[in-house]
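**Student:** below is the structure, and that's it, no one-letter string:
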């Protein structure tokens with residue numbers, strides 16, 4: 001039985017490198033981070049990050065938003081974020097900050113909140 005082998009000239013899509021947005025207005029940064037928290041490559045991270053953003057993003061300071069922006073945009077593998085947030089793997093020093101601790105606490109879900117779907121974007 002032959003294995004499926006991609007043609008030699010097949011290109012793998014590349015993730016563009018993260019470029020920090022300097023002087024981005026805070027309301028635009030919040031809106032972008034909310035969107036990026038909801039539109040993940042993995043459903044698990046979409047649920048964790050969208051509920052986290054809904055709960056914490058409005059109260060984050062500018063430095064905290066910068067930490068969150070770097071956390072969700074620098075790692076090229078969504079599984080890394082998931083494993084760090086759930087405590088399966090140790091968090092690298094670069095991302096071990098107050099936002100990661102908030103995310104880990106959120107992920108533990110000590111209040112047993114239902115997180116089966118992403119929160120509504122707009123209150124009803």
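**Tutor:** Perfect, thanks for sending it. Values in this document were obtained by computation on a predicted structure and should not be read as measured data. Numbering: from 1, shown residues only.
**Student:** check contacts around the residue positioned nearest the centre of the chain.
**Tutor:** In the chain, the residue lying closest to the centroid (C-alpha atoms, centre = their mean) is residue 72, at 3.7 Å. Contact partners of residue 72, counting by C-beta atoms under 8 Å, 6 or more residues apart in numbering, are 33, 36, 37, 49, 81. (C-beta placed from N, C-alpha, C; glycine too.)
**Student:** and the pLDDT at the last one?
**Tutor:** The score at residue 81 is 95. That number is its pLDDT.
**Student:** distance between the particular helix or strand that has it in it and the chain's centre?
**Tutor:** Following DSSP states H and E, one finds residue 81 within helix 78-86. Distance of helix 78-86 from its chain centroid, counting by C-alpha atoms, centre = their mean, to the nearest Å, is 9 Å.
**Student:** ok, and for that helix, which residues are buried?
**Tutor:** For helix 78-86, burial by neighbour count (16 or more other C-beta atoms under 10 Å) applies to 78, 81, 82, 84, 85.
**Student:** who touches whichever helix or strand comes after that helix?
**Tutor:** Note on helix 78-86: by DSSP H and E, the next helix or strand toward the C-terminus is helix 98-108. Helix 98-108 is contacted by residues 48-49, 51-52, 55-56, 60, 64, 67-68, 71, 84-87, 91 when judged by C-beta under 8 Å, 6+ apart.
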